[in-house]
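A.B. asks: Provided below are the primary sequence and the corresponding predicted coordinates.
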Amino acid sequence: MTSVEGEDDKQEAVPEACTYRGDSGRRPGFVTGGFNYTVGLETVPELGWAEAGRAGVGGRPRAAPCAELGAPSCRQGGVGRRSSAALRGSEDGGGSGLRRSAGSGLLGCEALAALIPFKIGQPKKQIVPKTVERDFEREYGKLQQLEEQTKKLQKDMKKSTDADLAMSKAAVKISSDLLSNPLCEQDAAFLEVVTAFDTAMRRMDSFNQEKVNQIQKTVMEPLKKFSSVFPSLNMAVKRREQSLQEYRRLQARVEKYEEKERSGPAMAKLHQAREELRPVKEDFEAKNRQLLEEMPKFYSSRIDYFKPSFEALLRAQVVFYSEMSTIFGDLTAQIGRPALSDEQRERENEGRLGELRALSIVADD
């Protein structure tokens with residue numbers, strides 16, 4: 001926000017872009033320059049729009065609610081001084097005052113300045129080259145995407161390991177329940193098969209736990225540490241943005257004094273404004289240069305950082321499933337019975353179920 005040195009230095013600037021906001025249950029306001037400025041609402045029904053505009057000159061604006069303008073939005077740029085004629089509007093419909101704005105459905109920028117109770121300073125010249133700004137946005141956008149992907153991968157890995165542990169624990173529970181089933185006590189051959197199955201499930205659970213511990217150390221912890229770097233990076237970007245806003249504010253003040261008459265007091269204020277601008281400009285340029293140099297390096301380092309973790313993940317999976325092949329191979333040999341096809345198993349089950357249904361205690365009435 002531009003500070004005011006004195007009455008002769010007052011300049012009420014116009015926002016670069018403004019959009020009406022009239023959300024339900026909220027006070028009408030404007031979004032301008034990336035910030036939400038809620039207009040101080042003090043309806044003056046006995047005055048016309050021109051008088052409402054004049055009420056804001058030199059003091060707190062007195063404006064009717066924005067919705068009464070019948071204008072959902074206005075977009076008009078430029079920074080300059082308000083003229084009293086622009087604020088008053090012309091009675092015959094000329095000019096760009098409040099009357100004409102209300103009738104046309106747009107709120108003119110000069111009129112909007114009367115509704116905003118503070119100064120907004122923006123320099124006229126481009127202080128950051130567009131190519132530099134595009135480079136910065138591109139590099140920072142890549143890092144934001146990397147942060148999002150890292151968090152997503154971390155969550156997916158957690159879900160995967162939790163599901164693996166739940167699966168092996170459930171298999172052990174099933175084999176344990178079968179062993180305690182009275183059926184096994186009556187059939188020694190079936191008891192032997194179930195015992196072999198229970199042993200295989202417990203071995204699988206042990207190897208699965210070992211695999212999950214390995215993934216936790218080699219993949220999930222590095223992911224967590226990598227994610228912890230992004231808050232510091234985002235804070236550096238935030239400090240750069242704050243420095244840029246201060247740079248713009250002071251540059252706008254210098255430009256304002258440069259446009260004034262070359263009198264003694266004006267030249268003194270111009271000199272003082274330039275002195276205040278110099279360290280702020282240097283600070284922004286240093287922050288901007290550092291980020292532009294280091295953000296690409298940070299992004300490129302992700303490959304060397306994650307490659308060992310992903311290799312460890314693949315090795316852990318290969319070892320686990322190799323052990324599973326051995327365990328279930330041994331279990332197959334212990335069962336000794338050749339595997340049935342799905343059709344054979346279905347026919348066998350249907351035959352057994354038919355025998356059960358033939359019993360009188362389950363016969364249909």
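C.D. replies: Nice, I can see it.
A.B. asks: from here on, just use CA atoms for contacts and neighbour counts.
C.D. replies: Fine.
A.B. asks: measure Arg289 to Lys159 for me?
C.D. replies: Separation of Arg289 from Lys159 (Cα to Cα, to the nearest Å): 40 Å.
A.B. asks: likewise for Arg248?
C.D. replies: The value you get for Arg248 to Lys159, if Cα to Cα is used, is 47 Å.
A.B. asks: what of Glu276?
C.D. replies: Distance, Glu276 to Lys159, by Cα to Cα: 54 Å.
A.B. asks: so if I had to pick from those two, which one is more boxed in?
C.D. replies: Taking other Cα atoms under 10 Å, Glu276 and Lys159 do not tie; Glu276 has more neighbours (15 against 11).
A.B. asks: for the closest residue to the more buried one other than its chain neighbours, which residues are in contact?
C.D. replies: Leaving aside its sequence neighbours, Glu276 sits nearest to Leu250 (Cα to Cα, 6 or more residues apart in numbering; 7.4 Å). Taking Cα atoms under 8 Å, 6 or more residues apart in numbering, we find Leu250 in contact with 273, 276-277.
A.B. asks: equivalent analysis for Ser168, please.
C.D. replies: Contact analysis of Ser168 by Cα under 8 Å, 6+ apart lists 201, 204-205, 208.
A.B. asks: let's have those residues in a markdown table, adding neighbour count and secondary structure.
C.D. replies: Compiled in a markdown table, those are given as follows (neighbours: other Cα atoms under 10 Å; DSSP: H, G, I helix; E, B strand; the rest coil):
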| residue | neighbour count | secondary structure |
| --- | --- | --- |
| Met201 | 25 | helix |
| Met204 | 22 | helix |
| Asp205 | 21 | helix |
| Asn208 | 24 | helix |
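A.B. asks: redo these as CSV? Include distance to Val219 and pLDDT.
C.D. replies: Shown next, in CSV, are the contacts of Ser168 (distance: Cα to Cα, whole Å; pLDDT from 0 to 100):
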residue, distance to Val219, pLDDT
Met201, 26, 95
Met204, 21, 95
Asp205, 20, 95
Asn208, 16, 95
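A.B. asks: and of those residues, the nearest to Lys151?
C.D. replies: Nearest to Lys151 among the contacts of Ser168 is Asn208, at 24.2 Å by Cα to Cα.
A.B. asks: which parts of the stretch 251-365 of the chain are helices?
C.D. replies: Under the criterion DSSP state H, counting those that start in this stretch, the stretch 251-365 of the chain contains helices at 264-335, 342-357.
A.B. asks: now, of these, which is deepest in the fold?
C.D. replies: Greatest average neighbour count among the helices of the stretch 251-365 of the chain goes to helix 264-335 (a mean of 15), per mean count of other Cα atoms under 10 Å.
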